[in-house]
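Novice: Sequence below, structure please.
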Amino acid sequence: MSDTAVHTAPTPSKSEQAYAYIRQRILDHRYSPGFRLVLGSIATDLDMSVVPVREAIRRLEAEGSVTFERNVGARVALVDETEYVHIMQTLGLVEGAATSLAAPHLTDADLDTALEINEGMRRLLDDFDPHEFTRLNHRFHSVLFERCPNPTILELVHQGWHRLPGVRDTTFALVPERAPHSVEEHIGLVDLIRSGAEPLEIELAARGHRWRTLDAFLAARRRRAVDAPETANTDPFAGTDSDATADTDSGGLQ
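Specialist: Have a look, this model is predicted:
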């Protein structure tokens, strides 16, 4: 019998489990912007006490995904236009840097995977599905930046993506004409990386790609404001309180 030790992955703590549970529901829009996070209800769903749920929400609050209001409790963060601009500008900078730093570590198989995902995005163009297109867009970029060897920059990239859960779908829903350009720019970015282009060239290409999406989104919003000002009440940045049930005993983070 071999005396080689068998190593198994440690079981995530209850706080980690609660964090993953809540974060995933924010990312897939089951918890939409403005949704009230009731600690007692979440704890019941997870069959745990409210203590690890509170710790998880504090962590999400530190990342900017959750906000806390006294006498109201924790809610999924809303994103207004100014904050959206700031996040997208920052994401362009840090994701561009992460992609550039990751480039030397990407294999041909990684780049082939990115192109396969991008081809899936192309197939969506004829019968456009903004949600699926956005999901694949995130997967595409993740392939290119996840091998970044700088953990600080990589964490900033993750934070930027995490802070836009309720807006990412809205971007391509509002500017579907941006989608085919995005697909073509993806191919150009992969080609740059595969050819061994200079790091700065890769960084600027990734940054410009992100910022062109931001510019298209803001231009579309300006056009809509001029053409149909009465649609202000359907502002894609406006959050909804999806859980208005009072729960003063377990809704707070005291």
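
Novice: low-confidence ranges in the stretch 51-200 of the chain?
Specialist: Along the stretch 51-200 of the chain, the model assigns pLDDT under 70 to residues 78-80, 165-170.

Novice: If we use 90, what do you get?
Specialist: Flagging of the stretch 51-200 of the chain using pLDDT under 90 yields the residue ranges 61-88, 127-132, 134-135, 159-177.

Novice: What segments of it are helices?
Specialist: Here the stretch 51-200 of the chain has its helices, by DSSP state H, counting those that start in this stretch, at 81-102, 108-123, 130-145, 151-162, 168-174, 178-194, 199-227.

Novice: elements contacting the third one?
Specialist: Using 3 or more Cβ pairs under 8 Å, 6 or more residues apart in numbering; DSSP states H and E as the contact criterion, the neighbours of helix 130-145 among helices and strands are helix 81-102, helix 108-123, helix 151-162, helix 168-174, helix 178-194. Where you see a C-beta, it was placed from the backbone N, CA and C, and this is true even at glycine.

Novice: in that helix, what's buried?
Specialist: P130, F133, T134, R135, L136, N137, R139, F140, H141, V143, L144, F145 (16 or more other Cβ atoms under 10 Å).

Novice: how about CSV for the residues you listed, with distance to G208 added?
Specialist: Putting those into CSV (distance: Cβ to Cβ, whole Å) gives the following:
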residue, distance to G208
P130, 22
F133, 20
T134, 19
R135, 23
L136, 20
N137, 16
R139, 21
F140, 16
H141, 14
V143, 19
L144, 14
F145, 15
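
Novice: L93: which of those is nearest?
Specialist: Distance to L93, by Cβ to Cβ, is smallest for F145 among the buried residues of helix 130-145, at 12.5 Å.

Novice: Contact partners for the closest residue to that closest one other than its chain neighbours?
Specialist: For F145, ignoring the flanking residues on the chain, the nearest one in space by Cβ to Cβ, 6 or more residues apart in numbering is A98 at 4.1 Å. For A98, the contacting residues are F145, C148, N150, I153, L154, V157, by Cβ atoms under 8 Å, 6 or more residues apart in numbering.

Novice: how close does the last one get to L106?
Specialist: This means V157. Distance, V157 to L106, using Cβ to Cβ, to the nearest Å: 15 Å.

Novice: from memory V85 sits against D215, does it?
Specialist: No. With contact defined as Cβ atoms under 8 Å, V85 does not count as touching D215 (10.1 Å).

Novice: picking up where we left off before, now, among the contacts of A98, which is nearest to V76?
Specialist: For those, the nearest to V76 is V157 (20.3 Å; Cβ to Cβ).

Novice: Spatially central, which residue of this structure would that be?
Specialist: Nearest to the mean C-alpha position of the chain, by Cα atoms, centre = their mean, lies W161 at 2.9 Å.

Novice: so how far is N150 from the residue lying closest to G120 once chain neighbours are set aside?
Specialist: Among residues not flanking G120 along the chain, L136 sits closest, at 5.3 Å (Cβ to Cβ, 6+ apart). Going from L136 to N150 by Cβ to Cβ gives 26 Å.

Novice: now swap in S182 and tell me
Specialist: Applying Cβ to Cβ to S182 and N150 gives a distance of 25 Å.
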